[in-house]
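A.B. asks: sequence unavailable; structure follows:
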């Protein structure tokens, strides 16, 4: 036997991003490698920083809504919903029931659209190109519905403080119902094409395992937390809007094909969530009442000196708004708790000891949007 | 064969004849690459509910020509810290490696570049040549992604040559020849003579051989996929991890060389698979030329059959690429060393036994 | 599930002076003022006490209280009394479902707060952000660098209310 102990090996630093096909935006990962094994991952963020919080301090409350859109640009409706609820609670505004219904419908459609991007790009990260395009084609249908409703495909400015910018168009309910019936079988198709693919499972099962204690301690929320096995959904656990009126399951990870809390669990929880969102849509579209949607919009928003933290279940986790008012027309401080920002802080913990290829699998599975990380 | 004799008679010099003869695959290859790239796009588009290229020419069939024109016009960038001589040789070497394989592939009974007795081994050796080019390109680029891609590629190609050779060996035991020309000639006249169905062994032996030949065929096809770095084994170029792997730093015509080599390789391995197992250029049933008594028609028909079989396997490669995700590098190695090689080895033993007992 | 008052009394009993007032007269959200140099100890108790089990730090945010004062001194000159910077902790328990808001304030000229990074790891990046935006120094934080702003940003902390845009950044005129 030869003695290899005097052979010198060197650690290599691989710089992934900010221009890289699968960092999902301008994220830079500084990866320390020993061969192909990862020793350390250091994420560098801030390339997309556009001073959202500073801007907010110079805007009146309604003016902030379009800025909120641009944080998690794949889930603008959900961002608006969170912001509107925060300011409404700050002001003590009650919104009409129809508004609540429309908001829930929009938020759930948005959740499906957002998960489609998450799952599609995840497939792309693993090397499956086709599911990505299938999902994007279906997402187009949701975007068309949004476009007909509020004129924009990505950044809507639709949910306002106290109401909506305008009512639904008359054809909306029919089209949304059509989409729900169209999309249900598509989930099975996705499962057959991607989820249960042997290679896909090999790549994602038992990779990037996130135990439940670590997940909570690192502040993971949303699908990432549920994949680790905790039944924790703000729609049920800290109810807002009218989610308590609907029946839906909260899918949690079970370690279906590997260990509890691995990448496949995180992926599959999202698939199951799309089904649950369809259930909520079914109920909401059937029950939606008539009414006025702009009546509760206040002429002037000027809360007294107070502070509030509200949170909603965004597709990526808990989106929180901490608003401090000093009694002016502009907020004194708006602090956002972006779920992706918190999730990204976990990268190093998840990646240690895996291979380079797994960084991509892990990064894709925690599903970040850099617009939200950097704000 | 016939063409070579005709050429040496025409020029009176075997050297000149060989030189001219060696250019023939290129005449085939360039239109094929143009067609295959277009096909790949169309196939992927139809698989993904898209239309694909449809602006340049009818159904976009001139799209690749436009692409080539674009690539020619592009600036040829060499990274400042690259090792320039190696960087420039690498694409040529890669293309030369895949072109070399065509020397021993019989396109029809009238044409084979060089009818060497060890044709199959020659092809395996020549495709090893590609690895040198890839390693060179990856190293010379002075880019970590390229280096990782190149190292992965070297490991992959070298590993997957073993099951390939084992399967080839089991075929050779049956046929007793390593020359692709002879192999093709053996599988004459009709489908039941294909080596996939036991070649021209006696009936009982044939029936015993068929399942093992199928296993060998599948192993050979899988490892050929790995050798040309196609999905699910496209780890050296793994776009989502390594950007473009070993050719990240290449642009313009040098990139086009890699691209051409990839498509040439795709056809080469498909041709080898079909030559070994599926009768090569032979028609699965008789020839129109024989029926009509036009003997000159037969080689042309054979060439068409050969292209059709090759293209079919190229299509299957595309089909797999747009359906399957990509394996991870350790899983790829595990697949080769833990599954393919043992299975190929046992398969080799069983085929050897069947051939030996001569029922 | 414990109410705000119960938790306040529990903390007051355990830590005494380190716990300041409990602000409950706000119509929306109540919070407890705590000492910035005791926050680590208090957090540790909050997380590990069997009756509290606050295992999830939802949000850690920096805040400029904007309470700078100009005090007229006896000799007639006007002196600036720097205000305070605050860190607000929103904590909840996933098992008991109760929440609490802590707030610790530190003077602007010596903004030092203990890090809670070792208790809730989610505080890591949040503390870096608070440092980045407000210049609050988190003691014992393992890696206190800027996070959203460029690493070489030398023009102060942008979310402080007295922040002025620099005229030049690396030779480029800023309000272009």
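C.D. replies: Cool, got the structure. Since we're looking at a predicted model, the values are computed, not measured.
A.B. asks: average pLDDT for the helix or strand harbouring residue B:315, rounded please.
C.D. replies: Secondary structure assigned from DSSP states H and E places residue B:315 in helix B:297-321. The average of the pLDDT scores along helix B:297-321 is 85.
A.B. asks: who touches that helix?
C.D. replies: The list of residues contacting helix B:297-321 from outside it, by C-beta atoms under 8 Å, 6 or more residues apart in numbering or on different chains, reads B:2, B:36, B:39-40, B:43-44, B:47, B:106-111, B:221, B:225, B:228, B:230-232, B:234, B:266-267, B:269-271, B:273-274, B:278-284, B:287-290. Every C-beta, even on glycine, is put in place using the N, C-alpha and C of the backbone.
A.B. asks: OK, contacts around residue A:39?
C.D. replies: Taking C-beta under 8 Å, 6+ apart as the definition, contacts of residue A:39 comprise A:11, A:32-33, A:352.
A.B. asks: if you rank the residues you listed by neighbours, which is first?
C.D. replies: Neighbour count (other C-beta atoms under 10 Å in any protein chain shown) singles out residue A:33 as the most crowded of the contacts of residue A:39, with 20 neighbours.
A.B. asks: quick check: phi and psi at that one.
C.D. replies: When read as degrees, to the nearest 10, the backbone of residue A:33 gives phi -120, psi 140.
A.B. asks: quick check: bridge partners of it?
C.D. replies: residue A:12, residue A:38 (DSSP bridges).
A.B. asks: what's the neighbour count on the residue of chain C found nearest chain A?
C.D. replies: With C-beta to the nearest C-beta, the shortest gap between chain C and chain A falls at residue C:122, namely 2.7 Å. Residue C:122 has 27 neighbours, counted by other C-beta under 10 Å.
A.B. asks: got the contact list for the nearest residue to it once chain neighbours are set aside?
C.D. replies: Take residue C:122 and drop its neighbours on the chain: the residue closest to it by C-beta to C-beta, 6 or more residues apart in numbering or on different chains is residue A:219, 2.7 Å away. By C-beta under 8 Å, 6+ apart, the residues touching residue A:219 are A:342, A:345, C:56-58, C:120-122.
A.B. asks: tell me which element residue A:219 falls in.
C.D. replies: According to DSSP H and E, residue A:219 maps onto no helix or strand at all.
A.B. asks: so which bits of stretch B:196-209 are buried?
C.D. replies: For stretch B:196-209, burial by neighbour count (16 or more other C-beta atoms under 10 Å in any protein chain shown) applies to B:196-201, B:205-206, B:208-209.
A.B. asks: now do the same end-to-end measure for that stretch.
C.D. replies: One end of stretch B:196-209 sits 9 Å from the other (C-alpha to C-alpha, to the nearest Å).
A.B. asks: quick one: mean pLDDT for it?
C.D. replies: Taken as a whole, stretch B:196-209 has a mean pLDDT of 75.
A.B. asks: still on that earlier bit, and the residue of chain C closest to chain A, what pLDDT?
C.D. replies: Note for residue C:122: predicted pLDDT of 85.
A.B. asks: from what I can see it touches residue A:218, true?
C.D. replies: Yes. Using C-beta atoms under 8 Å as the test, residue C:122 is close enough to residue A:218 to be in contact (5.2 Å).
A.B. asks: would you list every one of the strands in the stretch 151-300 of chain A?
C.D. replies: Along the stretch 151-300 of chain A, the stretches classed as strands by DSSP state E, counting those that start in this stretch are A:159-160, A:163-164.
A.B. asks: out of these, nearest to residue B:65?
C.D. replies: Using C-beta to C-beta as the measure, strand A:159-160 is the one of the strands of the stretch 151-300 of chain A that comes nearest residue B:65, at 50.7 Å.
A.B. asks: list the helices and strands the closest one packs on?
C.D. replies: If contacts are counted by 3 or more C-beta pairs under 8 Å, 6 or more residues apart in numbering or on different chains; DSSP states H and E, strand A:159-160 sits against helix A:76-91.
A.B. asks: following the helix it packs on, which helix or strand shows up next?
C.D. replies: Next helix or strand after helix A:76-91 toward the C-terminus (DSSP H and E): helix A:97-126.
A.B. asks: got any ranges where chain C has weak pLDDT?
C.D. replies: Counting by pLDDT under 70, chain C shows low-confidence ranges at C:25-27, C:176.
A.B. asks: which of the buried residues of stretch B:196-209 fall in strands?
C.D. replies: By the criterion of DSSP state E, membership of the buried residues of stretch B:196-209 in strands covers no residue at all.
A.B. asks: from the residues you listed, which is closest to chain C?
C.D. replies: For chain C, the closest of the buried residues of stretch B:196-209 turns out to be residue B:196, at 59.0 Å, with distances computed as C-beta to the nearest C-beta.
A.B. asks: chain B contacts on the stretch 251-375 of chain A?
C.D. replies: On the criterion C-beta under 8 Å from any C-beta of the partner chain, chain B has as its neighbours in the stretch 251-375 of chain A the residues A:355-360.
A.B. asks: so in chain B, which helix runs the longest?
C.D. replies: For chain B, the helix with the greatest residue count under DSSP state H is helix B:14-47.
A.B. asks: report whether that helix contacts chain A.
C.D. replies: Yes. Judged by C-beta under 8 Å from any C-beta, helix B:14-47 comes into contact with chain A through B:44, B:47.
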